[in-house]
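Visitor: sequence first, then the predicted structure, then my questions.
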Amino acid sequence: MVKLTEGLVLAKARSSDLENVRKLNCWGGELTDVSIFRNMPSIEVISLSVNSITTLEDFAYCPNLTELYVRKNCIADLAEIWYLRKLSKLRVLWLADNPCAAGPKYRLTVLKMLPNLTKLDNICVTNDEVNRALEDGDDISAPRSFRRPPSQNGHIPTNKKDRDSSVEISLDETNRIREQLGLKPLPVDKLSPAKHKTGMSKGRNANILNAVLMLIKDLDHDSLEVVANACKDKLESL
């Protein structure tokens with residue numbers, strides 16, 4: 001196993017802090033572990049072609065990623081692109097020469113999952129191609145290796161203090177997403193605790209729904225498509 005370390009990243013990028021790294025080129029390094037990207041939310045361009053990477057999961061933690069080059073790696077399952085579906089700024093992806101790119105519907109399936117791409121495998125994407133992909137591309141669900149994280153604190157709120165805490169968590173999550181999308185955070189008073197007339201679970205859902213509805217009002221077309229894909233994945237999982 002060859003791991004991409006913090007020291008190597010800082011040396012390559014000539015930076016003193018991971019959060020300041022915007023571009024990184026580690027071409028041909030036989031890398032297998034690139035989990036360091038989970039600590040690099042500011043990265044915008046990643047070049048990792050000709051390595052031995054098997055998953056795209058670590059890039060899901062890079063909300064500002066615009067270009068990803070992973071040509072000639074060891075990504076076998078096309079379902080791995082599922083991890084990229086929430087990267088609303090991603091415009092360029094080079095995934096060719098991986099085992100997952102051998103299928104007849106490879107390009108259409110990638111564009112169906114990632115319709116915001118402007119270039120795939122060094123070929124420009126047209127609107128007609130995206131429209132065709134939305135109709136003919138295969139549906140992608142979460143990879144088999146995906147594990148949903150446990151619920152916050154591992155328990156359901158059972159008293160007023162805990163219920164209020166669940167509202168604060170929803171607001172924090174909402175503002176984190178708004179920040180990633182370049183939107184202003186919502187003030188605390190924008191989310192008022194719902195009345196729990198039919199149980200605590202329904203009240204918490206009402207709070208989350210309230211947060212989501214406030215969020216989508218400020219989203220542009222591209223971001224709304226990302227939300228739509230996420231909703232589709234959630235419905236399929238249920």
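Guide: Here it is on my side, so go on.
Visitor: ranges for the helices of the chain?
Guide: Along the chain, the segments classed as helices by DSSP state H run 6-13, 106-113, 127-136, 160-180, 200-216, 221-237.
Visitor: which residues does the residue nearest to Arg38 when sequence neighbours are not counted contact?
Guide: Spatial nearest neighbour of Arg38, chain neighbours left out: Tyr61 (4.3 Å); criterion: C-beta to C-beta, 6 or more residues apart in numbering. Glycine gets a C-beta too; all of them are placed from N, C-alpha and C. Neighbour list for Tyr61: 37-41 [criterion: C-beta atoms under 8 Å, 6 or more residues apart in numbering].
Visitor: pull out the buried residues from those residues.
Guide: The neighbour-count test (16 or more other C-beta atoms under 10 Å) marks 37, 40 as buried among those.
Visitor: closest to Arg22 out of the contacts of Tyr61?
Guide: Here the nearest of these to Arg22, counting by C-beta to C-beta, is Met40; it sits at 9.5 Å.
Visitor: which non-adjacent residue is nearest the closest one?
Guide: Nearest residue to Met40 in three dimensions, chain neighbours excluded: Leu18, at 5.2 Å (C-beta to C-beta, 6+ apart).
Visitor: list the residues that contact Lys72.
Guide: Residues in contact with Lys72 (C-beta under 8 Å, 6+ apart) are 49-51, 97-98.
Visitor: what is the least confident helix or strand in the chain?
Guide: Ranked by mean pLDDT, DSSP states H and E, the weakest helix or strand in the chain is helix 160-180, scoring a mean of 50.
Visitor: comparing the helices of the chain, which yields the minimum mean pLDDT?
Guide: Looking over the helices of the chain, mean pLDDT reaches its minimum on helix 160-180, with a mean of 50.
Visitor: quick check: pLDDT value at the nearest residue to Ala60 once chain neighbours are set aside.
Guide: Distance criterion C-beta to C-beta, 6+ apart; nearest residue to Ala60, sequence neighbours excluded, is Tyr83 at 4.3 Å. Listed pLDDT for Tyr83 reads 96.
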